[in-house]
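Asker: Sequence isn't available, so here's the structure alone:
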């Protein structure tokens, strides 16, 4: 069975006054359709850089990325992105922020159909009574709910989540983790999330991909999380296997993350016909440097 997302020999290098700085090197990963994968590692190891390259918001220095049989060369609405900061346009309401992308993706739908899509996703994330408020009138947690609704409303092939709960207090974080997983379970979109939180990774994931520390970070180990779904946080905390997996993750982060694997990590069964990539992928030409959110918005072009 071929992989839904295939990342092969991915690398990212930045030029500095002191010479090339290798952030990520030889990063290999295959994700099957419907999997929820989390990427964990120490700060600065390149987790968000990998996610940005998959999103098409950062250029690839070497290797390549194939999503649903098509090479990723830039940003597009087939990838819904939830940022650590919600990145809402402050002069628009929550409804209007979500509608901005919906109008571009569902351009053949009439106005009433688009309105129903926006209202549905804002309601299921808990913003039914606040959808016509502007970001300044919303709490940080409510803004992030809007960001989650915006990503799901585009009906993307894949969800990319960059530490979406990292700025929230522990209670709000737990609430939004449940909101996310309840929404995800409706159609099991393929998801890749960056996190620093071991417990969050175990609660949400099918597999946890552990990255080595930089420079030249890569895949270190991959942990299978086989708890049945739907999951109850209470049941997990009562399961001895949960604590064994937790110790495995912490042990990697504390003891083994500084050691590069002697050979490529096992990244799931290889597809029948592996995709060949050129030694390097040319930078995507999507204009002058802009913020990640601006580049994402520019990709909502039906003619593209």
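Answerer: Everything's here; your move. Note that the coordinates shown come from a computational prediction; the quantities given were computed from them, not determined experimentally.
Asker: Would you confirm that residue 90 belongs to a strand?
Answerer: No - counting by DSSP: H, G, I helix; E, B strand; the rest coil, residue 90 is not found in a strand; it is coil.
Asker: Tell me which residues touch it, please.
Answerer: Each residue near residue 90 by CB atoms under 8 Å, 6 or more residues apart in numbering is listed here: 134, 135, 136. Backbone N, C-alpha and C define where each C-beta goes, glycine included.
Asker: just the buried members of the residues you listed?
Answerer: Buried subset of the contacts of residue 90 (neighbour count, 16 or more other CB atoms under 10 Å): residue 135.
Asker: Export the contacts of residue 90 to TSV and append columns for pLDDT, distance to residue 159 and secondary structure.
Answerer: Output for the contacts of residue 90, formatted as TSV (pLDDT from 0 to 100; distance: CB to CB, whole Å; DSSP: H, G, I helix; E, B strand; the rest coil):
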residue	pLDDT	distance to residue 159	secondary structure
134	97	25	coil
135	96	22	helix
136	96	27	helix
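Asker: Out of the contacts of residue 90, the closest to residue 181 would be?
Answerer: Using CB to CB, residue 135 is the member of the contacts of residue 90 that sits closest to residue 181, with 24.6 Å.
Asker: the domain parsing of this protein - what is it?
Answerer: 1-77+159-165+189-274, 79-155 (automatic domain parsing).
Asker: ends of the shortest one, how far apart?
Answerer: Pointing back at domain 79-155 there. 9 Å (CA to CA, to the nearest Å).
Asker: End to end on stretch 115-131, go ahead and measure it.
Answerer: 12 Å.
Asker: contact partners of it?
Answerer: Contacts of stretch 115-131 (CB under 8 Å, 6+ apart): 93-95, 98-99, 102, 106, 109, 137-138, 142, 145-146, 148-150, 152-153, 179, 182-183.
Asker: chain center to that stretch, what's the gap?
Answerer: 22 Å (CA atoms, centre = their mean, to the nearest Å).
Asker: ok, of the contacts of residue 90, which one's closest to residue 240?
Answerer: Distances from residue 240 to the contacts of residue 90, taken by CB to CB, are shortest for residue 135, at 43.5 Å.
Asker: Under the pLDDT cut-off, which ranges of the chain? List them.
Answerer: 1, 259-304 (pLDDT under 70).
Asker: Strands of that one, residue ranges please.
Answerer: Using DSSP state E, the strands of the chain run over residues 5-16, 19-31, 36-40, 62-67, 70-71, 79-82, 158-162, 190-195, 207-211, 219-224.
Asker: which one of the ones you listed lies closest to residue 113?
Answerer: Across the strands of the chain, closest to residue 113 is strand 79-82 (CB to CB), at 19.0 Å.
Asker: That closest one - contacts with which helices or strands?
Answerer: If contacts are counted by 3 or more CB pairs under 8 Å, 6 or more residues apart in numbering; DSSP states H and E, strand 79-82 sits against helix 47-55, helix 140-153, strand 158-162.
Asker: on that earlier part again, export the contacts of residue 90 to JSON lines and append columns for distance to residue 199.
Answerer: Shown next, in JSON lines, are these (distance: CB to CB, whole Å):
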{"residue": "134", "distance to residue 199": "33"}
{"residue": "135", "distance to residue 199": "29"}
{"residue": "136", "distance to residue 199": "32"}
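Asker: from the contacts of residue 90, which is closest to residue 113?
Answerer: Among the contacts of residue 90, and counting by CB to CB, the member closest to residue 113 is residue 134, at 24.7 Å.
Asker: want to try a markdown table for the strands of the chain, with mean neighbour count as columns?
Answerer: As requested, the strands of the chain are exported to a markdown table (neighbours: other CB atoms under 10 Å):
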| stretch | mean neighbour count |
| --- | --- |
| strand 5-16 | 18 |
| strand 19-31 | 19 |
| strand 36-40 | 25 |
| strand 62-67 | 21 |
| strand 70-71 | 12 |
| strand 79-82 | 25 |
| strand 158-162 | 23 |
| strand 190-195 | 24 |
| strand 207-211 | 23 |
| strand 219-224 | 18 |
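Asker: Switch the ones you listed over to JSON lines, and while doing so, append distance to residue 234 to every line.
Answerer: Formatted as JSON lines, those follow (distance: least, CB to CB, whole Å):
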{"stretch": "strand 5-16", "distance to residue 234": "32"}
{"stretch": "strand 19-31", "distance to residue 234": "29"}
{"stretch": "strand 36-40", "distance to residue 234": "20"}
{"stretch": "strand 62-67", "distance to residue 234": "36"}
{"stretch": "strand 70-71", "distance to residue 234": "41"}
{"stretch": "strand 79-82", "distance to residue 234": "26"}
{"stretch": "strand 158-162", "distance to residue 234": "24"}
{"stretch": "strand 190-195", "distance to residue 234": "21"}
{"stretch": "strand 207-211", "distance to residue 234": "21"}
{"stretch": "strand 219-224", "distance to residue 234": "22"}
